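Q: return atomic coordinates for the entry below.
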Amino acid sequence: MKEENISGTETDASNTQSDTSGKLKKSTKRVSKKVKSNKLSEHEVRKNHVVSEQKRREIIRMMYDDLVQIVPDLSQKENRSELAIYIKTANYLRWLYEKNQELRMRIQEKHGDDKEIPQELIWNLKGNT
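A: Numbers count the residues shown, from 1 in each chain. The predicted structure is shown next:
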């Protein structure tokens, strides 16, 4: 419920508080009347939305194409679903982590614990530190 106080400012009647003397105080919180001013027509807004969505989808397609180039199990020729790309990418990453661990172990065997492996070459799966 809105009320206008003496100064002409609108107040929210639900924001009344009582002070220590028991009198009710009304808060003088201004209520802004925001009018959405859209300079574009509804058609232009919809068109902009469609264009930005098309750009987003094109970027996603390009990223999938990048994964197909990087991940050996994926090929341009096969009918690839998002799920297949995710599964094969995850499998390839696990394989890379395993190979990294094997190579680090071979370095340790060859050079002993004297050889410190640079931190950027140590890959561990989360939870397998």
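Q: where's residue 63, which helix or strand?
A: Using DSSP states H and E, the element containing residue 63 is helix 42-70.
Q: can you give me the helices for the chain?
A: Per DSSP state H, the chain carries helices over the ranges 42-70, 82-111.
Q: buried sites along the first one?
A: Looking back up the chat, that one is helix 42-70. Across helix 42-70, burial judged by 16 or more other C-beta atoms under 10 Å covers 64, 67, 68. Where C-beta positions appear, they are placed from N, C-alpha and C, glycine not excepted.
Q: now swap in stretch 76-88 and tell me
A: 80, 85, 88.
Q: could you dump those to JSON lines with distance to residue 97 and pLDDT?
A: As requested, the buried residues of stretch 76-88 are exported to JSON lines (distance: C-beta to C-beta, whole Å; pLDDT from 0 to 100):
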{"residue": "80", "distance to residue 97": "23", "pLDDT": "76"}
{"residue": "85", "distance to residue 97": "19", "pLDDT": "92"}
{"residue": "88", "distance to residue 97": "15", "pLDDT": "94"}
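Q: now those residues in JSON lines, with distance to residue 40?
A: Listed next are these as JSON lines, based on distance: C-beta to C-beta, whole Å:
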{"residue": "80", "distance to residue 40": "38"}
{"residue": "85", "distance to residue 40": "37"}
{"residue": "88", "distance to residue 40": "43"}
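Q: closest to residue 56 among those?
A: residue 85 (17.3 Å; C-beta to C-beta).
Q: quick check: the closest one vs residue 67, distance?
A: Residue 85 is 6 Å from residue 67, where distance means C-beta to C-beta, to the nearest Å.
Q: okay, and the common contacts of the two?
A: residue 74 (C-beta atoms under 8 Å, 6 or more residues apart in numbering).
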